[in-house]
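> Quick one: sequence plus predicted model below, questions after.
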Amino acid sequence: MEFRIISRARKGLNVVWVSAIIGLPLSLGCPEALAVAVNGRAPLSSPIATRGKLTRPSIKNFSVSLSHPGPLVTKPIWAGAPQAPLTPIPAPAPILPTSSILAAPIAAAAVAAPDIALSAPFVQAAANAPDRPKETLKAEADELFDGSAAKEKSAALSPSPRDSLSADDAAAWSLIEGQDRIRVYFAPAPGLGHQSATLAIVRRLRDLGFQGEIEGVYFDKYWEFPHDKRDVPEKLAIIIPGFDPANKEDQKIPALGMTLRSFSRFMQGSQRVAIAATGGLDFLKHLKEAFGVAQTNFAEIFNVDVFLRLFPKGWQRYQSDAIWKNGDAEPLLVPMKEFHQFIYKLADRAAADESLAFLPSGSNKEGLKTLLAGLPGRELLPAYGLDLDFASPEAIHRLLLGLSEASPAPKPKGIVMPLLSSLDEKLAQVERLIAEPLSSKSITALSKKRKKAVLRANARLKEKLRIVSVSDPGLATALKSLKPGQILLVKTGPVPAPIFEFLFAQSTLPPTLAGRNAVSIARMLGIPFLSKYQEDLDESAKASAPEQIHSVRRLLAGRTGKGLIPVSFLYGNQYDFESLADFISAAARPQSALRQAFAAARVPADDAANDKLITALRALKNAKHPGQ
């Protein structure tokens with residue numbers, strides 16, 4: 001199976017135009033395809049031209065990656081380690097039985113009156129009727145679930161995913177299910193990926209029926225990243241409605257049965273538990289510099305018997321540093337080469353609606369409802385990750401030009417582009433580029449012919465594009481009046497995880513993303529996507545510069561069995577937007593070779609064999625001490 005976005009190598013340029021890099025594992029029955037033209041020479045593999053002629057310059061680094069997130073671990077497997085001093089932990093929050101609400105990382109809490117404890121039926125009832133009085137909903141929920149018959153009815157409505165586990169997987173799960181408390185850690189990192197991946201651990205624990213308390217420890221000092229100025233509490237407030245970043249005390253999130261505690265309070269004393277896990281933890285420098293933590297053993301730092309450090313696909317550099325036992329000088333040996341190549345369950349529309357029901361007023365709640373309601377019958381391209389510094393306004397401008405020039409369907413529809421990043425300043429620069437394209441040095445430096453092509457495309461974009469905020473009262477009208485081929489860019493900003501995942505799942509055009517965690521979602525969905533930066537390439541490709549001939553040959557030689565490389569639109573040449581248009585067009589057609597290639601590489605999220613949490617437990621069962 002091959003797909004090629006056509007390119008033209010310009011004479012005299014020492015550049016390789018990578019027109020397509022779409023490599024599928026041979027086990028999928030699809031040969032890899034990479035078409036490259038070097039200074040006019042024949043391509044390295046036979047092309048399929050999407051527009052029938054080899055006349056377009058292409059972006060340097062087309063790619064398409066597959067990955068996974070989701071994680072976890074065990075019960076007092078290793079005993080005998082000294083116990084740390086105990087500090088009273090708040091009473092466990094109400095634990096909800098397994099239900100669809102638990103598949104969402106958000107279902108709750110902030111809307112409840114302080115004297116009304118949230119229960120699972122109350123949460124479900126409130127999700128179905130968010131405008132009814134809380135007291136009425138609680139009374140109805142209590143009546144509905146009073147007695148064994150109601151409990152049986154509840155269980156019948158929400159069968160546990162545990163029922164589908166094999167005997168071996170059930171044995172692995174037994175390491176977790178008897179624990180009274182599990183600890184998870186929300187570490188600092190650019191974007192929301194690592195925090196969302198850790199939240200996915202919590203969701204999966206509840207989804208599989210874990211009934212103990214979950215203690216979420218979060219880094220509460222300010223740690224600045226070059227491309228992201230937000231601290232962890234700010235990010236948790238986005239993905240977990242009900243969490244107050246200004247509150248320094250322990251906070252209960254009843255919908256998840258989780259108590260969130262700052263690392264500052266955790267350092268004052270904690271109860272020893274059997275296991276802790278994280279969905280992403282890049283380094284210990286932040287703990288050392290902010291809190292003076294001297295240990296290098298994660299299990300000792302977090303006062304647990306075993307610490308499980310998980311990451312999405314592509315973090316092989318931490319592969320040997322994944323599982324730590326308290327008291328050891330080195331991590332345990334994990335008997336799996338591809339330990340992190342697994343997934344977690346994604347939120348569905350019900351989970352998105354539930355999270356909306358519990359968003360506080362004034363938080364774009366009504367606008368998000370309007371947006372979701374206006375999606376049917378439209379093309380959808382969610383855009384995430386464009387707020388990092390190296391995603392220049394010109395890259396975003398080229399993306400919009402490509403979207404404007406694409407032909408995604410025989411019968412055009414209006415295109416909705418929710419912008420899931422905070423981009424006010426950068427978007428203002430993009431609007432200036434559209435209004436005054438010759439203000440860009442990149443455009444003025446183009447040849448006369450190339451400049452003319454860009455200016456013509458930009459004139460067409462001006463006629464098609466409208467930008468509106470999700471909080472704008474006119475959003476519903478803008479969605480309703482959207483005509484075929486027109487583009488409505490909706491500034492939503494960051495959204496709760498279930499809404500984010502649902503928008504990705506509903507996308508009809510390739511979403512933009514950044515980071516391995518977001519790539520994991522695309523992998524689970526089996527959809528084409530546009531990656532924002534080269535870091536999303538796998539290890540075999542990342543070290544090489546894509547514009548160099550030897551690098552392209554290395555990519556070609558190394559693709560067998562390696563999966564897909566993400567498509568990056570950031571490294572464009574000659575202000576290329578046509579390749580993006582071709583990619584978007586092909587990605588939108590269900591029967592295109594490109595779309596089918598991604599669909600064939602999908603990893604089903606409901607398959608226990610691919611479940612990252614269960615896989616982690618399998619690995620833990622077979623882990624060995626160094627030297628064994």
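Done, it's in.
> And for Arg466, the neighbour number?
Arg466 has 12 neighbours, counted by other C-beta atoms under 10 Å. Any C-beta I mention is one placed from the backbone N, CA and C, and that applies to glycine too.
> do Ala599 as well
Burial of Ala599 is recorded as 13 neighbouring residues (other C-beta under 10 Å).
> Helix or strand: which one has it?
Assignment of secondary structure by DSSP states H and E places Ala599 within helix 593-600.
> other SSEs contacting that helix?
With contacts defined as 3 or more C-beta pairs under 8 Å, 6 or more residues apart in numbering; DSSP states H and E, helix 593-600 has these neighbours: helix 578-588.
> For the helix it packs on, name the packing helices and strands.
Where contact means 3+ C-beta pairs under 8 Å, 6+ apart, helix 578-588 is packed against helix 393-405, helix 593-600.
> relative to helix 578-588, how tilted is the longest one?
What that stands for is helix 393-405. Per axes from the mean of the first three to the mean of the last three C-alpha atoms, to 10 degrees, the angle that helix 393-405 makes with helix 578-588 is 50 degrees.
> what about helix 393-405, average pLDDT?
When pLDDT is averaged over helix 393-405, the result is 90.
> do stretch 349-367 as well
This predicted structure assigns stretch 349-367 an average pLDDT of 75.
> C-alpha coordinates for that stretch, CSV please?
The C-alpha coordinates for stretch 349-367 follow below in CSV (Å, rounded to 0.1, in the frame of the first residue of the first chain):
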residue,chain,number,x,y,z
ARG,A,349,-19.6,11.2,23.8
ALA,A,350,-21.3,10.3,27.1
ALA,A,351,-18.2,11.0,29.0
ALA,A,352,-17.8,14.4,27.2
ASP,A,353,-21.4,15.3,28.0
GLU,A,354,-20.8,14.3,31.7
SER,A,355,-17.8,16.5,31.9
LEU,A,356,-19.7,19.4,30.4
ALA,A,357,-22.5,18.9,32.9
PHE,A,358,-20.2,19.6,35.8
LEU,A,359,-18.1,22.4,34.4
PRO,A,360,-18.7,25.6,36.5
SER,A,361,-20.6,28.5,35.0
GLY,A,362,-18.4,31.0,33.2
SER,A,363,-16.0,28.4,32.0
ASN,A,364,-17.1,28.3,28.3
LYS,A,365,-19.6,25.6,29.3
GLU,A,366,-22.4,26.8,27.1
GLY,A,367,-20.1,27.5,24.2
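> how about the strand or helix carrying Ala170: buried residues?
Taking DSSP H and E as the criterion, Ala170 maps to helix 167-177. When neighbours are counted by 16 or more other C-beta atoms under 10 Å, the buried residues of helix 167-177 are found to be 169, 172-173, 175-176.
> okay, the helices and strands packed on helix 578-588, which one's buried deepest?
Mean neighbour count (mean count of other C-beta atoms under 10 Å) peaks for helix 393-405 among the helices and strands packed on helix 578-588, with a mean of 23.
> Following it in sequence, what is the next regular element?
Once the chain leaves helix 393-405, the next helix or strand it forms, by DSSP H and E, is strand 415-419.
> Would you tell me what the next helix or strand after that next one is?
Next in line after strand 415-419, if elements are assigned by DSSP H and E, sits helix 424-435.
> angle of that following helix against strand 415-419?
Inter-element angle recorded for helix 424-435 and strand 415-419: 140 degrees (by the same axes, to 10 degrees).
> who's in contact with Lys288?
If a contact means C-beta atoms under 8 Å, 6 or more residues apart in numbering, then Lys288 has Ala294 as its contacts.
> Got the domain ranges for this protein?
When the chain is parsed with automatic domain parsing, its domains come out as 1-66+532-588, 100-346+610-622, 360-495.
> which one of those domains has the lowest average pLDDT?
Lowest mean pLDDT within the domains of the chain: domain 1-66+532-588, a mean of 39.
> what sits up against stretch 214-222?
Applying C-beta under 8 Å, 6+ apart, the contact partners of stretch 214-222 are 89, 181-188, 198, 202, 205, 231-233, 236, 248, 253, 256-264, 266, 273, 276, 286-287, 290-291, 302.
> Narrow these to those that are buried.
Using 16+ other C-beta under 10 Å as the burial test, the contacts of stretch 214-222 include 89, 181-188, 198, 202, 205, 231-233, 236, 253, 256-263, 266, 273, 276, 286-287, 290-291, 302 as buried.
> Among those, which ones are in helices?
Secondary structure of those is defined by DSSP state H; positions in helices are 198, 202, 205, 232-233, 236, 263, 266, 286-287, 290-291.
> Quick check: the two most widely separated of those?
Spanning the widest gap among those are Leu205 and Ala290, at 27.7 Å by C-beta to C-beta.
> hang on, Ile467 packs against Thr492?
No. In this structure Ile467 lies outside contact range of Thr492 using C-beta atoms under 8 Å: 11.9 Å.
> re the thing from before, save the helices and strands packed on helix 578-588 as JSON lines, and put in distance to Lys426 too.
Converted to JSON lines, the helices and strands packed on helix 578-588 look like this (distance: least, C-beta to C-beta, whole Å):
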{"stretch": "helix 393-405", "distance to Lys426": "5"}
{"stretch": "helix 593-600", "distance to Lys426": "29"}
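> what's the closest of the ones you listed to Trp223?
Proximity to Trp223 (C-beta to C-beta) singles out helix 393-405 among those, at 26.7 Å.
> Check which helices and strands that closest one sits against.
helix 424-435, helix 448-464, strand 487-491, helix 578-588.
> now, of these, which is deepest in the fold?
Taking mean count of other C-beta under 10 Å as the contact definition, the stretch among the helices and strands packed on helix 393-405 with the greatest mean neighbour count is helix 578-588, which reaches a mean of 25.
> mind saving the C-alpha coords of that helix as PDB?
Backbone C-alpha positions of helix 578-588 (Å, rounded to 0.1, in the frame of the first residue of the first chain) are rendered in PDB as follows:
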ATOM      1  CA  GLU A 578      -0.100  22.300  -1.400                       C
ATOM      2  CA  SER A 579       1.300  19.100   0.200                       C
ATOM      3  CA  LEU A 580      -0.800  19.800   3.200                       C
ATOM      4  CA  ALA A 581      -3.800  20.200   1.000                       C
ATOM      5  CA  ASP A 582      -3.100  16.900  -0.700                       C
ATOM      6  CA  PHE A 583      -2.500  15.100   2.700                       C
ATOM      7  CA  ILE A 584      -5.700  16.500   4.200                       C
ATOM      8  CA  SER A 585      -7.700  15.600   1.000                       C
ATOM      9  CA  ALA A 586      -6.400  12.000   1.000                       C
ATOM     10  CA  ALA A 587      -6.800  11.600   4.800                       C
ATOM     11  CA  ALA A 588     -10.500  12.600   4.600                       C
END
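> so it versus helix 593-600, what angle?
What separates the directions of helix 578-588 and helix 593-600 is an angle of 50 degrees, with the same axes, to 10 degrees.
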